[in-house]
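*Asks:* below is the sequence, then the predicted model.
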Number of protein chains: 2
Amino acid sequence: MRVLSRNLLHLVRSHAARGAAATGGVRGHQTAPREAATPLVPNEPAAPKVLTAVPGPASGRHLKDLSEIQESNAVSLFVDYERSLGNYLVDADGNTLLDVFMQISSLPLGYNHPDLLNILNDPSNVKVFINSSSRLLPSPTWPMKLRSSLLRQIYLLFHLLHAYLLPGRLGVYRGSGEALQLGGVVALTSDVFQMAPKGLKHICTMACGSCSNENAFKAIYIWYRTKERGGSVDFTQEDIDSCMGNQAPGVPPTPASFHGAFHGRTMGCLATTHSKPIHKMDIPSLDWPIARFPLYKYPLEEHVRENQEEDRRCLEQVEELIHKYNSLGKPVAGIVVEPIQSEGGDNHASPQFFQQLQQIGKRTGAALLIDEVQTGGGPTGKIWCHEHFDLPEAPDIVTFSKKMLTGGYFCKEEFRPPQGYRICNTWMGDPSKVLMLKEVLNVINRDRLLDNVNETGDVLYKGLATLEQRFPQHINSLRGRNRGTYIAFDGNTGAKRDAIIGKLKQQGVHTGGCGDKTLRLRPALIFQPHHAHIFLDKLETVLTGL
Amino acid sequence: MRVLSRNLLHLVRSHAARGAAATGGVRGHQTAPREAATPLVPNEPAAPKVLTAVPGPASGRHLKDLSEIQESNAVSLFVDYERSLGNYLVDADGNTLLDVFMQISSLPLGYNHPDLLNILNDPSNVKVFINSSSRLLPSPTWPMKLRSSLLRQIYLLFHLLHAYLLPGRLGVYRGSGEALQLGGVVALTSDVFQMAPKGLKHICTMACGSCSNENAFKAIYIWYRTKERGGSVDFTQEDIDSCMGNQAPGVPPTPASFHGAFHGRTMGCLATTHSKPIHKMDIPSLDWPIARFPLYKYPLEEHVRENQEEDRRCLEQVEELIHKYNSLGKPVAGIVVEPIQSEGGDNHASPQFFQQLQQIGKRTGAALLIDEVQTGGGPTGKIWCHEHFDLPEAPDIVTFSKKMLTGGYFCKEEFRPPQGYRICNTWMGDPSKVLMLKEVLNVINRDRLLDNVNETGDVLYKGLATLEQRFPQHINSLRGRNRGTYIAFDGNTGAKRDAIIGKLKQQGVHTGGCGDKTLRLRPALIFQPHHAHIFLDKLETVLTGL
């Protein structure tokens, strides 16, 4: 366990470093500079503005109307998408709310970003939005669209030109390369940026997160059974007859998942989802292995030993379960895991946990699928959260959706089915979403949004650490990946968390819950330090008044 | 079986009536008038134009490129969506093909319809396309958008005004109302048109067909188990614990499906799909009841008794299976059926079959779900194919996608879950697709596209009946719902069907296959009689040269 403890210590250190400025009772968020408040989205409101209760009477009327035709028990607020801009949503009652939840982490550039609106000024782009093309008849520009978005590579030459032409605006991804800017010229110190997770060059697009996971699971089953067939693409008559009758196709492979996980709500995904009973109640499921995911104690630096022990216990259980199901004739073909369990309560695990998990997969012949549907696209300060784990090699499959606008997955070559029509549907995603993603990447690059996420994340984390120290009777367990705005903390109870979210709304700040008592922050990539200060001020007001 | 035989005879009569002009060796399609060839889409090409082999070298190059990054075994042709227009696709080699398959029945108005392109001239519509909003934060205009698209009602006043202002262009849906045009004034003889299937006022939107079916299944499970709880919304601790561990939530409900069915490719859908082994191979499934779907002999008028017998056998088996699974402790909560089995080979069944199926559901306590993902939106000459069945009451759930642009389902009120968050995901469809659907309905109405579908369907059917009589050594089993362009025929073998599709492509006509040896027609709603004649001419050339 020496390696494990070194990694866990690394996580601890980065947490501790972030929290450093917050120690000693200083109100960290007020010490940060406030002058640099130029919004990345021009004409964005300067502050929240609350005119009515939130939700107000207009939202109430719309809800009554909508409920007549659609089950709407989970809806409360109606949003005026015409008037919303940047980090601010305007609701049906005209209230202007700072959005720190951003459609469950879904809009990477916030509302009505001018560069995204602009792409529809190009008539050829309009045609992409209007013609929903099937997967079987791609456009000649489709490979190029994929290469310039999901498989984007930024080469040295591009960087040099960019540096000469726009020296002040050079954006360098920090994903897999490091760059030094020397008088307007860029020297790349290692490899150049690539959008796809390192080591994964193959992709499959899908319409949504659930379909991405469902089809990634299928890719794993097919890979596993193809291995069993020694690579043959011929099926036996028994294989054919049994699968057509819903009977075991040979030995049916299973995925292993974790308690607290959320991978979606279609049947296959739901059988690997274990976050809340209301998601699963009454829906048929399958007896698939479910292991314990680490539940750390916070602050990490005060619970190093317990958390190392928790890692060890969980890893042991994963491996035991895989052996058990293998011996029961339900071979485990894959391990399905979120890099941060999000719906389940923002549960983090150490880089070492994931490194060991990958090793367990290798020892047992199970693929490793990392579900980055909620974490992917930049909010952790890297495009992919699993980049923080320093895995010795790429995960086998990485799924995405939400901030990526299109769903889909990256995979190693051996996870491409050997025949057509196996992973297929009519649309397989929407080229217009890929077009939007390309523009999002342009803006991330131009406006250095990953730098912004890390700067803002520091302000948020330090400010929250101060508030956690001042209000231990209300909040605790502040946590976040070492960089970025993907941050959460717990209310002392679920009711207190709900009260904080509700009162923040009356203060003009929209946040979201997850797990039993967690408040999660999921702002857009354009959420800047001055937005973080507004959020922290409002939270302080709420905590003071509780 | 007296009622059954009357209904089957009705189906026979309508088939026979369509075929009447085709008897006697007349080349039916050449006797129809050809002068009225004004395309509904201005500037549409006048005819196919083939410059290279199809697919040509450019498609080959793009395929090689795409294959490097994406599994593309099912792809052959690349389509230039910028240059494609109306019923004509232009491929990467500049070939202009008449598209009688239209993205697997998906584009209701063909390529780049000017009215659809036009909606993006409105800046407020552009914002709908750019802001992917979550289901939990709808726009205030969302209820209105639903009412003006999926739940559209056309009232008497609207019709009268429309008739006065645009007397020559009055479009009257034939769905559930009948209209007489009297000197520019409309008298409605029964109820007015409504878009939603009669009796279904509640809706749920989804991104794609698979998600629509997955969630409709969930609505059925929840409905079934809520009934078992006597309507209570409280769960027992045992319910909660068992579902979180993937164990049987009480008694797990199951759906009954049919051999030959296709309901999608995510795990729940796939367990009700039984069309081709390549779809299901290696994917875990569940032991759910699968009944035989009628496989009729054609021409229907020569096989009345056998086909009646086939209906009876299949219905008996459905009911037996439901009783069997109920007694095995796997209660059947729903019957899932396509109105025409499409991927499975365009297998039709009589109205009486569906009427009796609905009765079986009522007797056994199972809901009836009609999957109109491929049939819905007009191609059968009515908006919903099941309108042809004269069911005494509405099916419990109707799912849709493809031509409707948005996925989703209509349902009776009792199929709305009693709690929120049970049927839910981040996006739950895309408001921009609903916006497009609204415009599609405007065009259907203005251009009387259901009338066009029926007129064109007659030309197609009669012409094909003639060709079937002339070339019995090549094709047989012509079939189609009594109105509309949703028509198919078989090649004498699968290889012959494939040869016909391939040679049609070289003639500039794009069609598709289904089942083992079926060629299916799935043109857009703007496919006019003159397009039908072009298709028939090219098919005649191909069949002559075989």
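*Replies:* Nice, thanks for sending it over.
*Asks:* A:Val90 and A:Arg83 touch, don't they?
*Replies:* Yes - using C-beta atoms under 8 Å, A:Val90 is in contact with A:Arg83, at 4.0 Å. Any C-beta I mention is one placed from the backbone N, CA and C, and that applies to glycine too.
*Asks:* please identify which of those two sits among more neighbours.
*Replies:* A:Val90 (19 against 16; other C-beta atoms under 10 Å in any protein chain shown).
*Asks:* am I right that the more buried one is in a strand?
*Replies:* Yes - secondary structure of A:Val90 (DSSP: H, G, I helix; E, B strand; the rest coil): part of a strand.
*Asks:* output the longest helix belonging to chain A.
*Replies:* Among the segments of chain A that qualify as a helix by DSSP state H, the longest is helix A:304-327.
*Asks:* mind giving me the packing neighbours of that one?
*Replies:* Under the contact criterion of 3 or more C-beta pairs under 8 Å, 6 or more residues apart in numbering or on different chains; DSSP states H and E, helix A:304-327 touches helix A:2-19, strand A:254-258, strand A:290-291, strand A:332-337, helix A:351-364.
*Asks:* and the closest residue to chain B within the stretch 1-150 of chain A, what's its pLDDT?
*Replies:* Closest residue of the stretch 1-150 of chain A to chain B, C-beta to the nearest C-beta: A:Asn73 (2.8 Å). pLDDT for A:Asn73: 94.
*Asks:* could you do A:Asn482 as well?
*Replies:* 70.
*Asks:* thinking again about what came up before, per-stretch mean pLDDT over the helices and strands packed on helix A:304-327, give me the minimum one.
*Replies:* Lowest mean pLDDT of those: helix A:2-19, a mean of 44.
*Asks:* give me the angle between the longest helix of chain A and strand A:254-258.
*Replies:* Interaxial angle, helix A:304-327 versus strand A:254-258 (axes from the mean of the first three to the mean of the last three C-alpha atoms, to 10 degrees): 160 degrees.
*Asks:* tell me the average confidence for helix A:304-327?
*Replies:* For helix A:304-327, the per-residue pLDDT averages 97.
*Asks:* can I get that helix as PDB, trimmed to CA atoms?
*Replies:* Below are the C-alpha coordinates for helix A:304-327, written out as PDB (Å, rounded to 0.1, in the frame of the first residue of the first chain):
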ATOM      1  CA  VAL A 304      -5.500  10.000   5.800                       C
ATOM      2  CA  ARG A 305      -5.400   6.500   7.500                       C
ATOM      3  CA  GLU A 306      -9.100   5.900   7.500                       C
ATOM      4  CA  ASN A 307      -9.400   6.900   3.800                       C
ATOM      5  CA  GLN A 308      -6.500   4.700   2.800                       C
ATOM      6  CA  GLU A 309      -8.200   1.900   4.600                       C
ATOM      7  CA  GLU A 310     -11.500   2.700   2.800                       C
ATOM      8  CA  ASP A 311      -9.700   2.500  -0.600                       C
ATOM      9  CA  ARG A 312      -8.200  -0.800   0.300                       C
ATOM     10  CA  ARG A 313     -11.600  -2.300   1.500                       C
ATOM     11  CA  CYS A 314     -13.400  -1.200  -1.600                       C
ATOM     12  CA  LEU A 315     -10.700  -2.400  -4.000                       C
ATOM     13  CA  GLU A 316     -10.600  -5.800  -2.200                       C
ATOM     14  CA  GLN A 317     -14.400  -6.000  -2.600                       C
ATOM     15  CA  VAL A 318     -14.300  -5.200  -6.300                       C
ATOM     16  CA  GLU A 319     -11.800  -8.000  -7.000                       C
ATOM     17  CA  GLU A 320     -13.700 -10.500  -4.800                       C
ATOM     18  CA  LEU A 321     -17.000  -9.700  -6.500                       C
ATOM     19  CA  ILE A 322     -15.400 -10.200  -9.900                       C
ATOM     20  CA  HIS A 323     -14.000 -13.600  -8.900                       C
ATOM     21  CA  LYS A 324     -17.300 -14.600  -7.300                       C
ATOM     22  CA  TYR A 325     -19.400 -13.600 -10.400                       C
ATOM     23  CA  ASN A 326     -16.900 -15.200 -12.700                       C
ATOM     24  CA  SER A 327     -17.200 -18.500 -10.800                       C
END
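*Asks:* centre of the chain to it, how far?
*Replies:* Mean-position distance between helix A:304-327 and its chain equals 25 Å (C-alpha atoms, centre = their mean, to the nearest Å).
*Asks:* what residues sit buried inside that helix?
*Replies:* Across helix A:304-327, burial judged by 16 or more other C-beta atoms under 10 Å in any protein chain shown covers A:307-308, A:310-312, A:314-315, A:317-319, A:321-322, A:325-326.
*Asks:* what does stretch A:350-357 give?
*Replies:* A:350-357.
*Asks:* give me the below-cutoff pLDDT ranges for the stretch 101-250 of chain A.
*Replies:* Where the stretch 101-250 of chain A drops to pLDDT under 70, the residues are A:154-193, A:249-250.
*Asks:* show me where it has its helices.
*Replies:* A:102-105, A:114-119, A:123-130, A:142-147, A:156-165, A:209-228, A:237-244 (DSSP state H, counting those that start in this stretch).
*Asks:* mind putting these in a markdown table, mean neighbour count included?
*Replies:* As requested, the helices of the stretch 101-250 of chain A are arranged in a markdown table below (neighbours: other C-beta atoms under 10 Å in any protein chain shown):
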| stretch | mean neighbour count |
| --- | --- |
| helix A:102-105 | 25 |
| helix A:114-119 | 17 |
| helix A:123-130 | 19 |
| helix A:142-147 | 20 |
| helix A:156-165 | 15 |
| helix A:209-228 | 25 |
| helix A:237-244 | 16 |
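*Asks:* which among the ones you listed is found nearest to A:Arg483?
*Replies:* helix A:102-105 (16.2 Å; C-beta to C-beta).
*Asks:* so the closest one, near chain B or not?
*Replies:* Yes - with C-beta under 8 Å from any C-beta of the partner chain as the measure, helix A:102-105 is seen reaching chain B through A:103-104.
*Asks:* what does that helix rub up against?
*Replies:* With contacts defined as C-beta atoms under 8 Å, 6 or more residues apart in numbering or on different chains, helix A:102-105 is touched by A:87, A:110, A:342, A:374, A:379, A:402-403, A:512, A:522-524, A:527, B:132-134, B:136-137, B:426.
*Asks:* alright, I will stop here.
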